[in-house]
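J.: got a sequence here, can you build the structure:
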Amino acid sequence: MLLAAAAALMLCLSATADAQSSGGTIKLVPQADLRSIDPIWTTAYITRNYGYMVYDTLLATDEHFKVQPQMVDKWTVSEDGLVYAFTLRPGLKWHDGTPVTAPDCIASLDRWMKRDVLGQALPAVIGEMKAVDAAIFTVTLKRPFALFLDALAKISSNTPFMMPERVAKTDANTQIKESIGSGPFKFAASEWVPGSKAVFVKNTDYVPRKEAASWAAGGKVVKVDRVEWQTIPDSQTAANALNAGEVDWWELVPQDLAPLLAKNKDITVTTTDPLGNMGVLRFNHELPPFNNVKMRQAVQMMMDQKTYMAAVAGDPKYWKTCYSFFPCGTPMSSNAGSEALSGARDIQKAKALVKEAGYAGEPVVVMGATDQPIVYAQALVTMEILKQLGINADLQVMDWGTLITRRASHEPTDKGGWNIFFTWSAAPDLLNPAVHSQLRGNGAKAWFGWPTNAKTEALRDQWFEAPDLASQQKIAAEIQVEAFQAVPHIHTGQFVIPTAFRNSLKGVIVAPVLFMWNVEKG
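T.: Residues are numbered from 1 along each chain as shown. Below you'll find the predicted structure:
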């Protein structure tokens, strides 16, 4: 029901405006402060959104989940399905004025493949990437790989954004410092004030595709001169600013403030994500006590999604329980093994697991972000659970920018490490074992928390080779059963988040990602 409500708004929100720029400045309160400008190094959605402003992609996914050309003008595939030849659109330029070339794209793909969960599957099947000339490159596979084009069109983190070769040569584990893309906006680095403001200006050299905008595909027509992201950590202050017309758009509105904003006839409060999100409690598998599976199982046994969702999303029209590691309502979702999360809460059994794990009262660092209501709400509910289990939990609060930097630390907790953090993931990042980074069990190369699970990895390899949907669903169910036993993380429910903007904005795109092209300000 909640996804259908979002989809029903598509006709009234995504009407295509004409190609003439209306000019002006859009002031947006983003979901978080922009701290990292490397959308390959981090999966943080604020940096992904920044990436779509500044960079472009070879291919893109449209609203029908179809792969479309973007920077690529055309591509061909050999009869045996092994050789892909990509030709770039003419006239593509980096923001420094230099032309986009095939070697740039090869280097960008190579760096992305080292970080992205689906990209990491490609080196095993790619034999060679080769520049034919400045505008054409080929990728030769060792064997056919059905998801190859889907990987290059990946819509969410990590999105395979193209960068200049010299930038893309940066070690994949080191953040880039430059902001030089070929996308529809340029990042005004001189005006960037972390914790306060990020500014983007129209890239007048950008040539949009001719097709209508559709999710990440089609024409990225910029209709304003400037976009300012204004970080306002306090929710009430952000609401007041939108009500007063001091800002034009608040990306993610806390559910308790949505009714207040809806009373203003000059503001539209709606949902623009047709797929929704899943809340996430993530454990650090490298450090005690959650390197012991019984400790993770004890927390899972005590979790009630209804309690979490009431705290995160409030009004039931915005959320539902979902006892699956894959978003409910999508092809891979099932109830396999879900009794571990959906069953009755049993405090005595949970305490017995804690005792069996040998927990001796050592401090547990729980990270919460006060400028992210979704994250902070999950932290507060979890602290109550940990208290009931007799776990000595220390809630350390910080801003989101600090949290997404600190979660990369492998250090002990007394040296900046952590035991639990919270986030949420958009449905496109969880649809199947190929893109679900949080289900990887490849240790130090896994997503933050770094679980090791050879069985999950073997099943994931089998999923790639599955001949049909039914076979994929069977293997996905087996992966899920193992996940409910090994507990790499816990999903706290499925929800959509309201957004609110002044009615002077037209052309807002209904999509699971924030896109700011095609939006004009009247």
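J.: alpha carbons of stretch 487-494, as CSV, please.
T.: Once non-C-alpha atoms are left out, stretch 487-494 reads as follows in CSV (Å, rounded to 0.1, in the frame of the first residue of the first chain):
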residue,chain,number,x,y,z
VAL,A,487,23.0,-12.4,11.6
PRO,A,488,25.3,-10.1,9.6
HIS,A,489,22.8,-7.4,10.3
ILE,A,490,19.2,-7.0,11.2
HIS,A,491,16.5,-5.2,9.2
THR,A,492,14.2,-3.1,11.4
GLY,A,493,11.3,-2.7,8.9
GLN,A,494,10.4,-1.2,5.5
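J.: what sits up against that stretch?
T.: For stretch 487-494, the external contacting residues (CB atoms under 8 Å, 6 or more residues apart in numbering) are 276-283, 285, 293, 296-297, 299-300, 303, 305-306, 308-309, 312-313, 319-322, 324-325, 327-328, 341, 378, 381, 438-439, 441, 449, 451, 453, 456. Bear in mind the C-beta positions are built from the backbone N, C-alpha and C, glycine included.
J.: filter those residues down to the buried ones, ChimeraX style.
T.: Per 16 or more other CB atoms under 10 Å, the buried members of the contacts of stretch 487-494 correspond to this ChimeraX selection:
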select :276,277,278,279,280,281,282,283,285,293,296,297,299,300,303,305,308,309,312,313,319,320,321,322,324,325,327,328,341,378,381,438,439,441,449,451,453,456
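J.: low-confidence ranges in the stretch 251-400 of the chain?
T.: By pLDDT under 70, the stretch 251-400 of the chain has no low-scoring segment.
J.: how about the helices in it?
T.: 258-262, 293-302, 305-312, 339-342, 347-356, 373-388, 400-406 (DSSP state H, counting those that start in this stretch).
J.: how about a markdown table for these, with distance to Thr268 added?
T.: As requested, those are exported to a markdown table (distance: least, CB to CB, whole Å):
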| stretch | distance to Thr268 |
| --- | --- |
| helix 258-262 | 9 |
| helix 293-302 | 39 |
| helix 305-312 | 22 |
| helix 339-342 | 36 |
| helix 347-356 | 44 |
| helix 373-388 | 20 |
| helix 400-406 | 25 |
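J.: among those, which is nearest Asp116?
T.: With CB to CB as the criterion, Asp116 lies closest to helix 400-406 of those, at 16.5 Å.
J.: which residues touch the closest one?
T.: 32-36, 42, 44, 46, 194-195, 367-369, 371-372, 375, 398, 416, 418, 421.
J.: got the CA coordinates for that helix in CSV?
T.: This file holds the C-alpha atoms of helix 400-406, laid out as CSV (Å, rounded to 0.1, in the frame of the first residue of the first chain):
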residue,chain,number,x,y,z
TRP,A,400,26.1,11.6,10.2
GLY,A,401,29.2,12.8,8.4
THR,A,402,31.3,11.7,11.4
LEU,A,403,29.5,8.4,11.7
ILE,A,404,30.0,7.4,8.0
THR,A,405,33.7,8.2,8.4
ARG,A,406,34.1,6.4,11.7
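J.: how far is it from where the chain is centred?
T.: Using CA atoms, centre = their mean, to the nearest Å, the mean C-alpha position of helix 400-406 is found 15 Å from that of the whole chain.
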